[in-house]
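Q: My questions are about this predicted structure, shown below with the sequence.
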Amino acid sequence: MDLSQAVELSLPANPVPEGDTFEAKLVAMLQQEGKSMGDMKAVFMCLQPSNPDVSIDLVTAIGKLVDCCNRALYTPSYRKLRVFSGLRPVPPGEEEFDVWMEQADLMITEWQCNDAEKRQRIVESLRGPAADIIRFLKVSNPCATATEYLAALDTSYGSTESGADLITSFRHTCQEDGEKLSAFLYRLDKLLHRVLLRGGIDAAGLNHARREQLFKGALTDDVVALRMRVMYTLRDPPSFSQLMRAVREEEHWV
(Lines give C-alpha, C1' and ligand atoms only; values in the text may rest on other atoms or scores of the structure.)
Protein backbone atom coordinates (compact mmCIF):
# COMPACT_ATOMS: atom_id res chain seq x y z
CA MET A 1 0.00 0.00 0.00
CA ASP A 2 1.50 3.37 -0.98
CA LEU A 3 1.07 6.67 0.85
CA SER A 4 -1.84 7.92 -1.31
CA GLN A 5 -3.78 4.71 -0.71
CA ALA A 6 -3.24 4.95 3.04
CA VAL A 7 -4.57 8.49 3.08
CA GLU A 8 -7.55 7.62 0.89
CA LEU A 9 -8.58 4.80 3.23
CA SER A 10 -8.64 7.24 6.13
CA LEU A 11 -10.77 9.90 4.49
CA PRO A 12 -14.09 10.54 6.31
CA ALA A 13 -17.35 9.59 4.61
CA ASN A 14 -18.94 12.93 5.48
CA PRO A 15 -17.19 16.01 4.07
CA VAL A 16 -15.99 18.70 6.44
CA PRO A 17 -17.23 22.27 5.83
CA GLU A 18 -14.95 24.21 3.50
CA GLY A 19 -14.61 27.09 5.95
CA ASP A 20 -12.74 24.91 8.47
CA THR A 21 -8.95 25.05 8.68
CA PHE A 22 -6.84 22.12 7.54
CA GLU A 23 -6.02 21.33 11.18
CA ALA A 24 -9.73 21.19 12.04
CA LYS A 25 -10.40 18.91 9.06
CA LEU A 26 -7.57 16.63 10.11
CA VAL A 27 -8.81 16.43 13.71
CA ALA A 28 -12.38 15.76 12.54
CA MET A 29 -11.19 12.99 10.25
CA LEU A 30 -9.21 11.28 13.01
CA GLN A 31 -12.08 11.55 15.47
CA GLN A 32 -14.45 9.92 12.98
CA GLU A 33 -11.99 7.08 12.44
CA GLY A 34 -11.41 6.70 16.19
CA LYS A 35 -7.73 7.58 15.85
CA SER A 36 -5.44 10.05 17.61
CA MET A 37 -2.66 12.34 16.39
CA GLY A 38 -0.15 9.86 17.78
CA ASP A 39 -1.67 7.05 15.67
CA MET A 40 -1.28 9.13 12.52
CA LYS A 41 2.34 9.87 13.23
CA ALA A 42 3.03 6.19 13.89
CA VAL A 43 1.48 5.22 10.51
CA PHE A 44 3.82 7.48 8.55
CA MET A 45 6.83 6.40 10.60
CA CYS A 46 6.05 2.76 9.76
CA LEU A 47 5.54 3.51 6.06
CA GLN A 48 8.87 5.26 5.57
CA PRO A 49 11.39 2.43 6.00
CA SER A 50 9.46 -0.02 3.79
CA ASN A 51 8.44 2.42 1.04
CA PRO A 52 11.15 4.30 -0.83
CA ASP A 53 8.52 6.69 -2.23
CA VAL A 54 7.99 8.13 1.24
CA SER A 55 10.89 10.47 1.95
CA ILE A 56 12.36 11.32 5.35
CA ASP A 57 11.47 14.98 4.71
CA LEU A 58 7.80 14.05 4.26
CA VAL A 59 7.76 12.04 7.49
CA THR A 60 9.43 14.94 9.33
CA ALA A 61 6.90 17.41 7.90
CA ILE A 62 4.02 15.15 8.94
CA GLY A 63 5.50 14.90 12.43
CA LYS A 64 5.66 18.68 12.73
CA LEU A 65 2.08 18.97 11.47
CA VAL A 66 0.89 16.46 14.09
CA ASP A 67 2.70 18.37 16.86
CA CYS A 68 1.17 21.65 15.65
CA CYS A 69 -2.32 20.14 15.62
CA ASN A 70 -1.81 18.71 19.10
CA ARG A 71 -0.89 22.14 20.41
CA ALA A 72 -3.92 23.71 18.73
CA LEU A 73 -6.18 20.95 20.05
CA TYR A 74 -5.04 20.99 23.68
CA THR A 75 -4.29 24.70 24.24
CA PRO A 76 -7.69 26.39 24.67
CA SER A 77 -8.10 30.14 24.38
CA TYR A 78 -8.44 32.12 27.58
CA ARG A 79 -9.77 35.47 28.69
CA LYS A 80 -6.85 37.83 29.22
CA LEU A 81 -6.46 40.21 32.12
CA ARG A 82 -6.67 43.95 31.52
CA VAL A 83 -3.45 45.95 31.73
CA PHE A 84 -2.25 47.26 35.09
CA SER A 85 0.88 49.34 35.65
CA GLY A 86 0.44 50.90 39.09
CA LEU A 87 0.94 54.42 37.69
CA ARG A 88 -1.06 57.36 39.05
CA PRO A 89 -3.15 58.82 37.56
CA VAL A 90 -4.36 55.67 35.83
CA PRO A 91 -3.31 55.79 32.14
CA PRO A 92 -6.04 55.45 29.48
CA GLY A 93 -6.88 51.83 28.74
CA GLU A 94 -5.78 50.57 32.16
CA GLU A 95 -7.73 49.54 35.26
CA GLU A 96 -7.83 50.75 38.84
CA PHE A 97 -6.08 48.25 41.09
CA ASP A 98 -9.21 47.07 42.93
CA VAL A 99 -10.97 46.33 39.63
CA TRP A 100 -7.91 44.59 38.19
CA MET A 101 -7.41 42.52 41.34
CA GLU A 102 -11.02 41.33 41.38
CA GLN A 103 -10.67 40.17 37.79
CA ALA A 104 -7.28 38.54 38.42
CA ASP A 105 -8.53 36.72 41.52
CA LEU A 106 -11.45 35.34 39.53
CA MET A 107 -9.38 34.40 36.49
CA ILE A 108 -6.77 32.29 38.33
CA THR A 109 -9.59 30.07 39.58
CA GLU A 110 -11.15 29.78 36.09
CA TRP A 111 -8.02 29.21 34.00
CA GLN A 112 -7.66 25.48 33.30
CA CYS A 113 -3.86 25.36 33.33
CA ASN A 114 -0.93 24.79 35.66
CA ASP A 115 0.43 27.43 38.02
CA ALA A 116 3.37 28.29 35.77
CA GLU A 117 0.98 29.25 32.96
CA LYS A 118 -1.12 31.30 35.39
CA ARG A 119 1.98 33.21 36.50
CA GLN A 120 2.87 33.91 32.87
CA ARG A 121 -0.62 35.25 32.14
CA ILE A 122 -0.45 37.57 35.15
CA VAL A 123 2.95 38.89 34.06
CA GLU A 124 1.62 39.50 30.52
CA SER A 125 -0.89 42.00 31.92
CA LEU A 126 1.61 44.03 33.97
CA ARG A 127 3.52 47.14 32.96
CA GLY A 128 5.86 49.62 34.62
CA PRO A 129 6.21 49.58 38.42
CA ALA A 130 3.74 46.71 38.80
CA ALA A 131 5.87 44.51 36.54
CA ASP A 132 8.96 45.49 38.55
CA ILE A 133 7.34 44.25 41.76
CA ILE A 134 6.84 40.78 40.29
CA ARG A 135 10.35 40.85 38.81
CA PHE A 136 11.81 41.55 42.27
CA LEU A 137 9.62 38.82 43.80
CA LYS A 138 10.89 36.26 41.29
CA VAL A 139 14.48 37.12 42.19
CA SER A 140 13.88 36.69 45.92
CA ASN A 141 11.48 33.75 45.58
CA PRO A 142 11.75 31.87 42.25
CA CYS A 143 9.12 29.36 43.42
CA ALA A 144 6.44 31.99 44.13
CA THR A 145 2.93 30.93 43.05
CA ALA A 146 0.31 32.88 41.09
CA THR A 147 -1.52 33.58 44.36
CA GLU A 148 1.69 34.97 45.85
CA TYR A 149 2.08 37.21 42.79
CA LEU A 150 -1.34 38.71 43.51
CA ALA A 151 -0.55 39.00 47.22
CA ALA A 152 2.65 40.95 46.43
CA LEU A 153 0.72 43.36 44.21
CA ASP A 154 -2.00 43.71 46.84
CA THR A 155 0.64 44.59 49.43
CA SER A 156 1.91 47.40 47.21
CA TYR A 157 -1.33 48.79 45.80
CA GLY A 158 -4.19 47.43 47.89
CA SER A 159 -5.71 48.52 51.16
CA THR A 160 -3.36 48.78 54.14
CA GLU A 161 -5.85 46.95 56.36
CA SER A 162 -4.69 43.60 57.70
CA GLY A 163 -6.55 40.33 57.33
CA ALA A 164 -7.78 40.66 60.92
CA ASP A 165 -9.07 44.20 60.25
CA LEU A 166 -10.86 43.10 57.09
CA ILE A 167 -12.52 40.06 58.66
CA THR A 168 -13.78 42.30 61.47
CA SER A 169 -15.18 44.70 58.88
CA PHE A 170 -16.77 41.75 57.07
CA ARG A 171 -18.44 40.55 60.26
CA HIS A 172 -20.02 43.97 60.74
CA THR A 173 -21.22 44.48 57.15
CA CYS A 174 -25.02 44.72 56.94
CA GLN A 175 -27.67 45.11 54.28
CA GLU A 176 -28.68 48.72 53.70
CA ASP A 177 -32.24 50.02 53.44
CA GLY A 178 -33.54 49.54 49.89
CA GLU A 179 -30.65 47.25 48.94
CA LYS A 180 -31.60 43.96 47.32
CA LEU A 181 -30.28 40.84 48.99
CA SER A 182 -28.43 39.91 45.77
CA ALA A 183 -26.60 43.26 45.83
CA PHE A 184 -25.74 42.74 49.50
CA LEU A 185 -24.44 39.24 48.73
CA TYR A 186 -22.26 40.61 45.92
CA ARG A 187 -20.86 43.29 48.25
CA LEU A 188 -20.13 40.68 50.91
CA ASP A 189 -18.31 38.44 48.46
CA LYS A 190 -16.04 41.21 47.21
CA LEU A 191 -15.01 42.00 50.78
CA LEU A 192 -14.60 38.32 51.60
CA HIS A 193 -12.10 37.83 48.79
CA ARG A 194 -10.09 40.77 50.05
CA VAL A 195 -10.03 39.02 53.42
CA LEU A 196 -8.79 35.86 51.70
CA LEU A 197 -5.97 37.67 49.90
CA ARG A 198 -4.83 39.21 53.18
CA GLY A 199 -4.84 35.88 54.99
CA GLY A 200 -7.81 36.66 57.22
CA ILE A 201 -9.63 33.45 56.25
CA ASP A 202 -8.85 30.10 54.63
CA ALA A 203 -10.35 29.20 51.26
CA ALA A 204 -12.12 26.25 52.87
CA GLY A 205 -14.10 28.60 55.09
CA LEU A 206 -15.37 30.99 52.41
CA ASN A 207 -18.78 29.42 51.81
CA HIS A 208 -19.58 29.09 55.51
CA ALA A 209 -18.51 32.68 56.31
CA ARG A 210 -20.48 34.07 53.35
CA ARG A 211 -23.69 32.28 54.30
CA GLU A 212 -23.35 33.17 57.98
CA GLN A 213 -22.89 36.89 57.36
CA LEU A 214 -25.60 37.00 54.71
CA PHE A 215 -28.14 35.72 57.21
CA LYS A 216 -26.75 37.75 60.12
CA GLY A 217 -26.43 41.03 58.24
CA ALA A 218 -29.66 40.92 56.24
CA LEU A 219 -32.54 43.21 57.17
CA THR A 220 -35.02 41.50 59.50
CA ASP A 221 -37.95 42.29 57.20
CA ASP A 222 -36.32 41.07 53.98
CA VAL A 223 -38.63 38.29 52.74
CA VAL A 224 -35.95 36.78 50.48
CA ALA A 225 -33.50 36.55 53.39
CA LEU A 226 -36.14 34.76 55.46
CA ARG A 227 -36.65 32.22 52.66
CA MET A 228 -32.89 31.70 52.34
CA ARG A 229 -32.57 31.01 56.08
CA VAL A 230 -35.28 28.34 55.86
CA MET A 231 -33.69 26.82 52.75
CA TYR A 232 -30.01 26.75 53.72
CA THR A 233 -29.64 26.83 57.51
CA LEU A 234 -29.56 23.04 57.87
CA ARG A 235 -27.70 22.35 54.60
CA ASP A 236 -24.02 22.47 53.74
CA PRO A 237 -23.09 26.05 52.81
CA PRO A 238 -23.48 26.61 49.05
CA SER A 239 -20.93 28.24 46.78
CA PHE A 240 -21.27 31.90 45.81
CA SER A 241 -22.79 31.08 42.41
CA GLN A 242 -25.30 28.62 43.90
CA LEU A 243 -26.33 31.07 46.61
CA MET A 244 -26.58 34.00 44.19
CA ARG A 245 -28.75 31.98 41.82
CA ALA A 246 -31.12 30.97 44.63
CA VAL A 247 -31.34 34.56 45.89
CA ARG A 248 -32.09 35.98 42.45
CA GLU A 249 -34.75 33.37 41.77
CA GLU A 250 -36.45 34.21 45.07
CA GLU A 251 -36.24 37.94 44.30
CA HIS A 252 -37.89 37.29 40.94
CA TRP A 253 -40.84 35.45 42.49
CA VAL A 254 -41.22 37.74 45.52
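A: Here it is on my side, so go on. Numbering: from 1, shown residues only.
Q: check contacts around residue 159.
A: Applying CB atoms under 8 Å, 6 or more residues apart in numbering to residue 159 gives the contacts 166, 194. For glycine as for every other residue, the C-beta is placed from the backbone atoms N, C-alpha and C.
Q: Quickly note the distance from it to residue 153.
A: Spatial separation of residue 159 from residue 153 under the definition CB to CB, to the nearest Å is 12 Å.
Q: now swap in residue 183 and tell me
A: Applying CB to CB to residue 183 and residue 153 gives a distance of 27 Å.
Q: ok, now residue 214?
A: The span separating residue 214 from residue 153 equals 29 Å under the rule CB to CB.
Q: Tell me how many other residues surround residue 248.
A: For residue 248, the number of neighbouring residues by other CB atoms under 10 Å comes to 14.
Q: what residue ranges in this structure score low on pLDDT?
A: Scanning the chain for pLDDT under 70 picks out the ranges 1-78.
Q: Walk me through the domains of it.
A: Listed by automatic domain parsing, the domain ranges of the chain are 3-74, 97-157, 163-253.
Q: Helices of this protein, start to end?
A: 3-10, 22-33, 37-50, 56-74, 97-110, 115-124, 128-140, 146-157, 163-171, 181-197, 206-217, 223-232, 240-253 (DSSP state H).
Q: The closest residue to residue 103 other than its chain neighbours: neighbouring residues, count only.
A: With CB to CB, 6 or more residues apart in numbering as the measure, residue 81 is the residue that lies nearest to residue 103, at 6.0 Å, once sequence neighbours are left out. As a burial measure, the neighbour count of residue 81 was computed by other CB under 10 Å and equals 19.
Q: Residue 160 now?
A: Residues near residue 160, counting by other CB under 10 Å: 6.
Q: Stretch 143-150: which residues count as buried?
A: Along stretch 143-150, these residues count as buried under the neighbour rule (16 or more other CB atoms under 10 Å): 144, 146-147, 149-150.
Q: Quick check: the gap between residue 205 and residue 99.
A: Between residue 205 and residue 99 the distance is 25 Å, computed by CB to CB.
Q: oh sorry, the question was meant for residue 196
A: According to CB to CB, residue 196 stands 17 Å off from residue 99.
Q: With neighbour numbers in mind, choose between these two.
A: Neighbours around residue 196 and residue 99, counted as other CB under 10 Å, are more numerous at residue 196. The numbers are 20 against 13.
Q: need the contact list for that one.
A: Going by CB under 8 Å, 6+ apart, residue 196 touches 203, 206.
Q: Residue 141 is in contact with residue 152, isn't it?
A: No. Residue 141 is not in contact with residue 152 according to CB atoms under 8 Å; the separation is 9.1 Å.
Q: Which one's more surrounded, these two?
A: More neighbours surround residue 152 than the other of residue 141 and residue 152, with 19 against 11 (other CB under 10 Å).
Q: and the more buried one, what does it touch?
A: With CB under 8 Å, 6+ apart, residue 152 has these contacts: 133-134, 137, 144.
Q: Report how far apart the opening and closing residues of stretch 215-235 are.
A: Criterion CA to CA, to the nearest Å; first-to-last residue distance in stretch 215-235 is 14 Å.
Q: Identify the residues contacting that stretch?
A: For stretch 215-235, the external contacting residues (CB under 8 Å, 6+ apart) are 173-175, 177, 180-181, 184, 188, 211, 214, 238, 243, 246-247, 250-251, 254.
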